[in-house]
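Asker: here is my input; please provide its structure:
(one chain, ligands or ions: 1)
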Amino acid sequence: MIDAETAKSPAAPNERPSHADELLSWYDRHRRKLPWRALPGKRADPYAVWLSEIMLQQTTVAAVKPYYETFLALWPTVGDLATAPIEDVMKAWAGLGYYSRARNLHLCARTVVERFGGRFPHDYENLLSLPGVGAYTAAAIASIAFETRAVVVDGNVERVVARLFAIETEMPAARPEIRRLADTLTPEARPGDYAQAMMDLGATICTPRKPACALCPVNAGCRAFAAGEPERYPRKAAKAARPSRRGAAFVAMRDDGAVLVEQRPPKGLLGGMVGLPTTDWSTKAACSAYRPEQAIAAAPLDADWRPSGFAEHVFTHFALRLDVYVAKIGASRPAPAGMRWADLTAEAFPTVFRKVLEAAHEAPG
Ligand code: SF4
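Answerer: Next up is the predicted model:
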């Protein structure tokens with residue numbers, strides 16, 4: 001059974017290898033091939049590690065891969081990204097979600113250039129001072145790119161540690177305990193490989209549902225496995241229902257195919273992204289004041305607005321339903337203040353507005 005005090009101790013002759021040794025030897029055979037990951041024996045590029053870790057926050061590996069490749073092709077170094085116009089960065093990010101990450105990404109690139117001469121700092125504290133870099137990302141860069149021992153705890157690692165030690169405290173209250181125990185497991189040698197091994201174990205073997213315990217390299221020391229109920233951990237408090245919000249979106253289509261768009265304010269949800277005119281759905285109060293029968297009164301132009309179904313999108317803290325209204329507009333009509341006519345093929349809309357456009361295109365012509 002795993003013991004926090006001895007988890008890192010080197011194995012004596014005839015003793016079982018330590019948790020870290022078992023995991024690293026499994027990693028050497030089964031590591032995932034990822035575009036941002038250095039080949040075995042090679043040093044990882046801090047820019048690649050940072051870029052991928054920011055993109056992977058709340059986002060799957062499969063969704064991140066094409067964006068990562070696009071960013072690296074457009075801006076091969078942190079210096080290139082620092083000098084790119086923010087509009088271009090937001091456009092390349094469109095569809096990946098959590099748009100404050102893109103603004104912080106750009107700000108962070110500029111900070112690395114201005115404060116650190118274009119090189120990422122090596123130590124955890126300076127990494128943590130960078131915009132958009134939290135405790136997890138700072139630890140990941142320090143260990144993976146600079147081989148500095150740091151305790152790297154993401155969602156995958158939380159799950160593995162909670163199971164190894166069969167932690168009964170519910171999430172998120174268990175986080176400090178998980179971090180302390182993860183620290184006891186983290187070795188001095190090969191900290192970057194160890195961090196990636198834990199991530200890989202959580203992503204491929206110790207999965208949320210039906211973990212493949214029989215194939216797990218550390219099953220001999222796992223308390224949840226020994227108890228026969230790995231899926232019981234991490235313990236979770238009952239989830240509160242996700243609140244819902246409602247509003248209307250307006251798709252004004254000109255004869256030449258142009259659509260009326262607006263630039264969203266720099267701060268807040270979808271901040272800085274291009275959007276379609278809508279009623280206010282930024283707060284619960286605004287949404288409870290929404291009346292479908294009055295929606296057209298809030299339209300950006302006087303026109304023959306026709307209902308065209310609705311679009312639904314789930315954000316982290318609420319689910320949104322937007323009733324979609326479509327109107328045909330003459331080519332000579334000027335755009336209202338703060339809006340412009342745009343060629344749809346040249347714009348990068350966040351997913352919620354792509355869903356609105358899909359509903360609009362299903363409207364009877
Ligand atoms: Fe996870 Fe099962 Fe391995 Fe325990 S034995 S760490 S529950 S995969």
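Asker: any residues of the stretch 51-200 of the chain in contact with the ligand? List them.
Answerer: When proximity is defined as Cβ under 6 Å from any ligand atom, the stretch 51-200 of the chain approaches the ligand at 160, 163, 164. The way it works is simple: take the backbone N, C-alpha and C, and place the C-beta from them, glycine included.
Asker: can I get those in JSON lines with secondary structure and neighbour count?
Answerer: As requested, these are exported to JSON lines (DSSP: H, G, I helix; E, B strand; the rest coil; neighbours: other Cβ atoms under 10 Å):
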{"residue": "160", "secondary structure": "helix", "neighbour count": "29"}
{"residue": "163", "secondary structure": "helix", "neighbour count": "26"}
{"residue": "164", "secondary structure": "helix", "neighbour count": "28"}
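Asker: export the residues you listed to TSV and append columns for distance to residue 284.
Answerer: As requested, these are arranged in TSV below (distance: Cβ to Cβ, whole Å):
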residue	distance to residue 284
160	37
163	37
164	40
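Asker: report pLDDT for residue 268.
Answerer: Per-residue pLDDT puts residue 268 at 81.
Asker: tell me where the protein has strands.
Answerer: Applying DSSP state E to the chain gives strands spanning 244-254, 259-263, 274-275, 306-314, 319-329, 339-342.
Asker: so for residue 30, which of those strands sits nearest?
Answerer: strand 306-314 (33.5 Å; Cβ to Cβ).
Asker: in that closest one, what counts as buried?
Answerer: Of all the residues in strand 306-314, those buried under the rule 16 or more other Cβ atoms under 10 Å are 308, 310, 311, 313.
Asker: and stretch 122-129, by the same measure?
Answerer: 124, 127, 128.
Asker: can you put these in a markdown table and add pLDDT and distance to residue 189?
Answerer: Output for the buried residues of stretch 122-129, formatted as a markdown table (pLDDT from 0 to 100; distance: Cβ to Cβ, whole Å):
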| residue | pLDDT | distance to residue 189 |
| --- | --- | --- |
| 124 | 95 | 18 |
| 127 | 97 | 21 |
| 128 | 96 | 24 |
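Asker: so which of those are in helices?
Answerer: Mapping the buried residues of stretch 122-129 onto helices (DSSP state H) picks out 124, 127, 128.
Asker: which bits of the stretch 201-350 of the chain sit near the ligand?
Answerer: So the stretch 201-350 of the chain meets the ligand at 205, 206, 211, 213, 216, 218, 219, 222, 224, 225, 230 (Cβ under 6 Å from any ligand atom).
Asker: report the buried residues of the helix or strand of the chain with the lowest mean pLDDT.
Answerer: Least confident helix or strand, the chain: helix 284-288 with a mean of 85, by mean pLDDT, DSSP states H and E. For helix 284-288, the buried set under the neighbour-count rule, 16+ other Cβ under 10 Å, comprises residue 287.
Asker: what is that helix packed up against?
Answerer: Packing partners of helix 284-288 (3 or more Cβ pairs under 8 Å, 6 or more residues apart in numbering; DSSP states H and E): strand 244-254.
Asker: circling back to that earlier point, and the strands of the chain as JSON lines, adding mean pLDDT?
Answerer: Shown next, in JSON lines, are the strands of the chain (pLDDT from 0 to 100):
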{"stretch": "strand 244-254", "mean pLDDT": "94"}
{"stretch": "strand 259-263", "mean pLDDT": "94"}
{"stretch": "strand 274-275", "mean pLDDT": "93"}
{"stretch": "strand 306-314", "mean pLDDT": "93"}
{"stretch": "strand 319-329", "mean pLDDT": "94"}
{"stretch": "strand 339-342", "mean pLDDT": "94"}
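Asker: picking that back up, for the residues of the stretch 51-200 of the chain next to the ligand, which one is nearest residue 251?
Answerer: residue 160 (46.2 Å).
Asker: before we move on, what's the pLDDT of the closest one?
Answerer: 98.
Asker: my guess is it contacts residue 199. True?
Answerer: No: Residue 160 lies out of contact with residue 199 (Cβ atoms under 8 Å); the separation is 9.1 Å.
Asker: need the contact partners of the longest helix anywhere in the chain.
Answerer: Longest helix of the chain, by residue count under DSSP H: helix 100-116. By Cβ atoms under 8 Å, 6 or more residues apart in numbering, the residues outside helix 100-116 that reach it are 50-51, 54-55, 57, 78-79, 81-82, 84, 86, 89-90, 93, 96, 118-120, 126, 130-133, 266, 271-272.
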